[in-house]
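> sequence unknown, structure follows:
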(Lines give C-alpha, C1' and ligand atoms only; values in the text may rest on other atoms or scores of the structure.)
Protein backbone atom coordinates (compact mmCIF):
# COMPACT_ATOMS: atom_id res chain seq x y z
CA UNK A 1 0.00 0.00 0.00
CA UNK A 2 1.05 3.58 -0.51
CA UNK A 3 0.69 4.66 3.14
CA UNK A 4 3.66 2.55 4.30
CA UNK A 5 1.57 0.04 6.27
CA UNK A 6 3.37 -3.25 6.69
CA UNK A 7 0.83 -6.09 6.62
CA UNK A 8 3.25 -8.64 8.11
CA UNK A 9 3.58 -6.76 11.41
CA UNK A 10 5.60 -3.97 12.93
CA UNK A 11 9.37 -4.26 12.62
CA UNK A 12 9.70 -1.93 15.60
CA UNK A 13 7.87 -4.27 17.97
CA UNK A 14 10.06 -7.17 16.85
CA UNK A 15 13.13 -5.06 17.60
CA UNK A 16 11.83 -4.23 21.09
CA UNK A 17 11.14 -7.90 21.80
CA UNK A 18 14.65 -8.86 20.65
CA UNK A 19 16.19 -6.15 22.86
CA UNK A 20 14.16 -7.24 25.91
CA UNK A 21 15.11 -10.90 25.40
CA UNK A 22 18.78 -9.93 24.97
CA UNK A 23 18.71 -7.88 28.21
CA UNK A 24 17.15 -10.79 30.10
CA UNK A 25 19.79 -13.19 28.77
CA UNK A 26 22.59 -10.75 29.68
CA UNK A 27 21.13 -10.36 33.18
CA UNK A 28 21.04 -14.12 33.70
CA UNK A 29 24.63 -14.45 32.46
CA UNK A 30 25.81 -11.58 34.71
CA UNK A 31 24.09 -13.17 37.73
CA UNK A 32 25.57 -16.59 36.90
CA UNK A 33 29.06 -15.07 36.69
CA UNK A 34 28.65 -13.45 40.11
CA UNK A 35 28.68 -9.87 38.87
CA UNK A 36 25.83 -9.01 41.21
CA UNK A 37 23.94 -10.56 44.11
CA UNK A 38 20.31 -9.85 45.01
CA UNK A 39 18.86 -10.50 48.46
CA UNK A 40 15.18 -10.10 49.29
CA UNK A 41 13.58 -9.96 52.70
CA UNK A 42 9.98 -9.91 53.74
CA UNK A 43 6.98 -11.66 52.31
CA UNK A 44 5.16 -10.90 49.11
CA UNK A 45 1.48 -10.38 49.79
CA UNK A 46 -1.36 -9.02 47.72
CA UNK A 47 -3.52 -6.35 49.28
CA UNK A 48 -6.70 -7.42 51.05
CA UNK A 49 -9.57 -5.78 49.23
CA UNK A 50 -13.04 -5.44 50.67
CA UNK A 51 -15.14 -3.91 47.92
CA UNK A 52 -17.76 -2.65 50.31
CA UNK A 53 -15.64 -0.86 52.90
CA UNK A 54 -11.88 -0.52 52.56
CA UNK A 55 -8.57 -1.57 51.05
CA UNK A 56 -5.66 -2.76 53.21
CA UNK A 57 -2.14 -2.47 51.84
CA UNK A 58 -0.05 -5.42 50.75
CA UNK A 59 3.63 -6.01 51.44
CA UNK A 60 6.55 -5.65 49.06
CA UNK A 61 9.87 -7.27 49.99
CA UNK A 62 12.98 -5.15 50.47
CA UNK A 63 15.79 -5.75 47.98
CA UNK A 64 19.48 -5.16 48.42
CA UNK A 65 21.72 -5.49 45.37
CA UNK A 66 25.45 -5.88 45.85
CA UNK A 67 27.59 -5.46 42.77
CA UNK A 68 31.00 -6.88 41.92
CA UNK A 69 34.15 -4.84 42.49
CA UNK A 70 35.84 -4.44 39.08
CA UNK A 71 39.37 -3.04 38.91
CA UNK A 72 40.75 -2.07 35.51
CA UNK A 73 44.46 -1.37 35.24
CA UNK A 74 47.60 -2.18 33.30
CA UNK A 75 50.45 -4.66 33.67
CA UNK A 76 53.82 -4.61 31.93
CA UNK A 77 54.11 -7.35 29.31
CA UNK A 78 56.81 -8.30 26.88
CA UNK A 79 55.54 -8.36 23.29
CA UNK A 80 57.54 -9.39 20.26
CA UNK A 81 57.58 -6.49 17.79
CA UNK A 82 59.34 -6.51 14.43
CA UNK A 83 62.31 -4.16 14.06
CA UNK A 84 62.03 -2.91 10.48
CA UNK A 85 65.43 -2.49 8.86
CA UNK A 86 66.89 -3.74 5.62
CA UNK A 87 66.34 -7.17 7.08
CA UNK A 88 63.43 -8.19 9.33
CA UNK A 89 64.49 -8.74 12.91
CA UNK A 90 62.27 -9.05 15.97
CA UNK A 91 62.96 -7.78 19.44
CA UNK A 92 60.98 -7.63 22.67
CA UNK A 93 59.77 -4.29 23.99
CA UNK A 94 57.69 -3.60 27.10
CA UNK A 95 54.25 -2.04 26.71
CA UNK A 96 51.35 -1.57 29.15
CA UNK A 97 48.67 -4.24 28.66
CA UNK A 98 45.14 -3.72 30.02
CA UNK A 99 43.98 -5.92 32.89
CA UNK A 100 40.57 -6.51 34.44
CA UNK A 101 40.15 -7.86 37.97
CA UNK A 102 36.63 -8.89 39.06
CA UNK A 103 35.82 -9.78 42.67
CA UNK A 104 32.43 -11.51 42.82
CA UNK A 105 29.71 -9.84 44.87
CA UNK A 106 29.55 -11.11 48.44
CA UNK A 107 26.33 -11.93 50.28
CA UNK A 108 26.78 -10.22 53.62
CA UNK A 109 23.21 -11.03 54.70
CA UNK A 110 22.53 -7.43 55.69
CA UNK A 111 19.08 -7.42 54.08
CA UNK A 112 17.91 -9.93 56.69
CA UNK A 113 19.11 -7.87 59.66
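Received, thanks. In this text, all values refer to a predicted model and were calculated from it rather than measured experimentally. Numbers count the residues shown, from 1 in each chain.

> beyond the worst-scoring helix or strand of the chain on mean pLDDT, next helix or strand please.
When each helix and strand of the chain is scored by mean pLDDT, DSSP states H and E, strand 55-56 comes last, with a mean of 69. Later in the chain than strand 55-56, the nearest helix or strand by DSSP states H and E is strand 62-67.

> please compute how far that next one lies from its chain's middle.
Its chain's C-alpha centre and that of strand 62-67 lie 14 Å apart, by C-alpha atoms, centre = their mean, to the nearest Å.

> all numbers from here: first residue = 40
Shifting the count to begin at 40 puts that one at strand 101-106.

> mind giving me the packing neighbours of that strand?
Counting contacts by 3 or more C-beta pairs under 8 Å, 6 or more residues apart in numbering; DSSP states H and E, strand 101-106 is packed against strand 75-80. For the C-beta atoms, the positions are set from N, CA and C on the backbone; glycine is no exception.

> show me which residues of stretch 105-114 are buried.
For stretch 105-114, a neighbour-count test (16 or more other C-beta atoms under 10 Å) marks residue 105 as buried.

> ugh, typo on my part, it should be stretch 116-125
Going by neighbour count (16+ other C-beta under 10 Å), nothing in stretch 116-125 comes out as buried.
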